[in-house]
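Asker: test case, fold it:
(chains A and B)
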Amino acid sequence: MKVKLREVHSVFAWTWHIPKESQDAHAETIDDNDGDDVCGICRASYNATCPGCKFPGDGCPLVVGECNHNFHVHCIYRWLDTATSRGLCPMCRQTFQLKKGLAINDSQISKFQELRNKQWQTRQQEFGDQQDPETNPLEDQDDPMMDQGLIVR
Amino acid sequence: MASLPKRIIKETERLVSDPVPGITAEPHEDNLRYFQVTIEGPQQSPYENGVFNLELFLPDDYPMEAPKVRFLTKIYHPNIDKLGRICLDVLKTNWSPALQIRTVLLSVQALLASPNPNDPLANDVAEDWIKDEEGAIKTAREWTEAYASKKDQKSTN
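Answerer: Numbers count the residues shown, from 1 in each chain, chains lettered A, B, ... in the order given. Okay, here's the model as predicted:
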């Protein structure tokens, strides 16, 4: 028998490449998972977009935290930009930092560094009349060197 | 009005399909960000057998900002004032966008089970609570019976 190929339709699928340990950490913390991993902030799939974007992919990337919690860049950035966040991960309340050495995080490093510096400045301005005992200045002042991976904790 | 974020739709659906025991939350038909809430008083607390009405509003910035929650039913509790405002960390400084309507309401219910007079919102109630805990608990029971009785709720609805 002879088969003649007349046409080929290629179909592609893609997903973000998330390290294994981050996937596992995530599975325990999200409870309204429809079998698809969702962003802990907007509850939309990692491979879909944050609520503000129309097209998934490079325009609405994902970042992985040092704590292995993942979010749409736009979601976590909006959160960290609020005063309430105190720079903490929404899931585990540790200081949110980008995980080092991951391709998907690389393009976001400078953006997060900028945000961190901005927060640091705002906080220092506030210390003059800061009365909230819950804000521990020592804990909040992250060494910017640490973010560049120069110091290993 | 801007369309409702998917997350709010998902949360609302789940509140209906998989409700939290002892808690109901229904969105208002004219404003899907405004919920009418009822919370049953926890067992073995002075609020036992009471059903408390609350309102919950999701601000435009939700989930970056915490929901606004307020008691509508009068309640005698050191962390809830005359206007029904609630002193609860997750509604203020400890809010996180990983929390949601159901977890916030569970925290409110837990607050009923463990009043904290050392971090008061209603100062007079807290003072009573510290000076004469037994008496304060008795008052809380009486208020529950007078204002949050299940029978009354049913007859008025």
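Asker: how near is the residue in chain A positioned nearest to chain B to B:N53?
Answerer: Closest residue of chain A to chain B, Cβ to the nearest Cβ: A:P90 (4.0 Å). Yep, even glycine has a C-beta here, placed from its N, CA and C like the rest. Counting by Cβ to Cβ, to the nearest Å, the separation of A:P90 from B:N53 is 30 Å.
Asker: did I read that right, B:E142 in a helix?
Answerer: Yes. Judged by DSSP: H, G, I helix; E, B strand; the rest coil, B:E142 forms part of a helix.
Asker: OK, contacts around the residue nearest to it when sequence neighbours are not counted?
Answerer: Nearest in space to B:E142, with sequence neighbours left out and distances taken as Cβ to Cβ, 6 or more residues apart in numbering or on different chains, is B:Y76 at 7.9 Å. B:Y76 is in contact with B:P46, B:V125, B:A136, B:T139, B:A140, B:E142, B:W143, B:T144, counting by Cβ atoms under 8 Å, 6 or more residues apart in numbering or on different chains.
Asker: selecting buried members of these in ChimeraX, what would you type?
Answerer: Of the contacts of B:Y76, the buried ones go into a single ChimeraX selection, burial set by 16 or more other Cβ atoms under 10 Å in any protein chain shown:
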select /B:46,125,136,139,140,143,144
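Asker: residues of the longest helix seen in chain A that come out buried?
Answerer: Taking DSSP state H as the criterion, chain A has its longest helix at helix A:109-126. Using 16+ other Cβ under 10 Å as the test for burial, helix A:109-126 gives A:F112, A:R116, A:Q119, A:R123.
Asker: give me the number of residues near the residue of chain A closest to chain B?
Answerer: 25 (other Cβ atoms under 10 Å in any protein chain shown).
Asker: got the contact list for it?
Answerer: With Cβ under 8 Å, 6+ apart, A:P90 has these contacts: A:G40, A:I41, A:H69, A:F71, A:I76, A:W79, B:S96, B:P97, B:A98.
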